[in-house]
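Asker: Build me a structure from this.
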Amino acid sequence: MLEILHCDEDLVAVNKPAGLLVHRSPIDRHETRFALQLLRDQLGHRVYPVHRLDKPTSGVLLFGRSPESAAALAGQFARRSAGKTYIAIVRGWCPEQGTIDHPLTENHDSAAGSGKPMPARTQDAVTLFQRLATADLPVAVDRYPSTRYSLVLLRPVTGRRHQLRRHLKHISHPIIGDANHGKGVHNRFFQQHFNCHRLLLACVKLNLQHPTHGSALELRTGPGGEFEAVARALGWQGALKAALAA
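Answerer: Predicted coordinates for the structure are as follows:
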């Protein structure tokens, strides 16, 4: 069963575990479990996705309980009035804070039903980040005698596909556990040294307005057991606790 973070007559928010797809996708045809289906079966009625989280990302996932409420909530994300906060562990010591303003190209496999490739389009993409803690391990993981990592708070202003993962790669601080945009030697180190086999990225907070009465709604969750175990091992439990409480 999915952990329900909030549920009322209009919407429901769950804590999506890492490795679970939101809904059926042609990219993962072999998958048989989806958050959409699991929640529908859990509640006994249809639900409607409002936004997306990548399969390897954990955290707050929002659904409308009617097409109308889902559309109203999705409109807040489209207008960028809904706030999203993520926590990540990245390679290296990233700057203390900053803005990544780097357009991203979205590729389409083909036009629906035509079999013809669609032209790629470039979209603006902006991410705010803040470094929360650092670690320097006396281990030669790559070509240096020691290895550095950072705990980072991320606030995407836009919502492009794989935006956070691609933006962190762009500034040379890829997220640990990212098979597509990260660095394999560091991913393998975390698997072997910390027994961590997931992408270390989690959506820990959503801020939005309730679609019916307009009151402020804040939805929170932790980054998950594996993530928290790594943070403890790196001495970041205090920094992580403070970030989640802020």
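Asker: how close does residue 147 get to residue 181?
Answerer: Between residue 147 and residue 181 the distance is 19 Å, computed by C-beta to C-beta, to the nearest Å. C-beta: built from backbone N, CA, C; applies to glycine.
Asker: neighbouring contacts of the longest strand seen in the chain?
Answerer: When the chain is scanned for its longest strand (criterion: DSSP state E), the result is strand 126-137. If you take C-beta atoms under 8 Å, 6 or more residues apart in numbering as the criterion, strand 126-137 is touched by 87, 93-101, 146-158, 163-164, 167, 234-236, 239-240, 242-243.
Asker: Apply the buried test to these and list what passes.
Answerer: The neighbour-count test (16 or more other C-beta atoms under 10 Å) marks 87, 94, 100, 147-157, 163-164, 167, 234, 236, 239-240, 243 as buried among the contacts of strand 126-137.
Asker: pLDDT below threshold where in the protein?
Answerer: Regions of the chain meeting the criterion pLDDT under 70 cover residues 25-32, 107-118.
Asker: Which residue ranges of it form strands?
Answerer: 3-7, 11-16, 48-49, 58-64, 83-91, 97-101, 104-108, 118-123, 126-137, 147-156, 201-209, 216-220.
Asker: could you check the angle strand 126-137 makes with the fifth one?
Answerer: Computed with axes from the mean of the first three to the mean of the last three C-alpha atoms, to 10 degrees, the direction of strand 83-91 lies at 30 degrees from that of strand 126-137.
Asker: and if you look at the first one?
Answerer: For strand 3-7 against strand 126-137, the angle by the same axes, to 10 degrees is 150 degrees.
Asker: just to revisit the earlier point, chain center to the longest strand of the chain: distance?
Answerer: Per C-alpha atoms, centre = their mean, to the nearest Å, the displacement of strand 126-137 from the mean C-alpha position of its chain is 15 Å.
Asker: How about stretch 179-199?
Answerer: For stretch 179-199, the distance to the chain centre is 17 Å (C-alpha atoms, centre = their mean).
Asker: buried sites along it?
Answerer: For stretch 179-199, the neighbour count (16+ other C-beta under 10 Å) marks 181, 182, 183, 186, 187, 189, 190, 194, 196, 198, 199 as buried.
Asker: Dump that stretch to CSV, keeping only the CA atoms.
Answerer: What follows is stretch 179-199, C-alpha atoms only, in CSV (Å, rounded to 0.1, in the frame of the first residue of the first chain):
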residue,chain,number,x,y,z
ALA,A,179,22.4,5.9,-14.3
ASN,A,180,21.7,8.3,-17.2
HIS,A,181,23.2,11.6,-16.1
GLY,A,182,25.6,10.6,-13.3
LYS,A,183,29.0,8.9,-13.1
GLY,A,184,29.1,5.1,-12.7
VAL,A,185,32.1,4.9,-10.5
HIS,A,186,30.4,7.0,-7.8
ASN,A,187,27.1,5.2,-8.2
ARG,A,188,28.9,1.9,-7.7
PHE,A,189,30.8,3.2,-4.6
PHE,A,190,27.5,4.1,-2.9
GLN,A,191,26.1,0.7,-3.8
GLN,A,192,29.1,-1.1,-2.4
HIS,A,193,30.0,1.1,0.6
PHE,A,194,26.5,2.2,1.7
ASN,A,195,24.3,-0.6,0.2
CYS,A,196,22.4,2.2,-1.5
HIS,A,197,20.8,1.2,-4.9
ARG,A,198,18.6,4.2,-5.6
LEU,A,199,18.7,7.7,-7.1
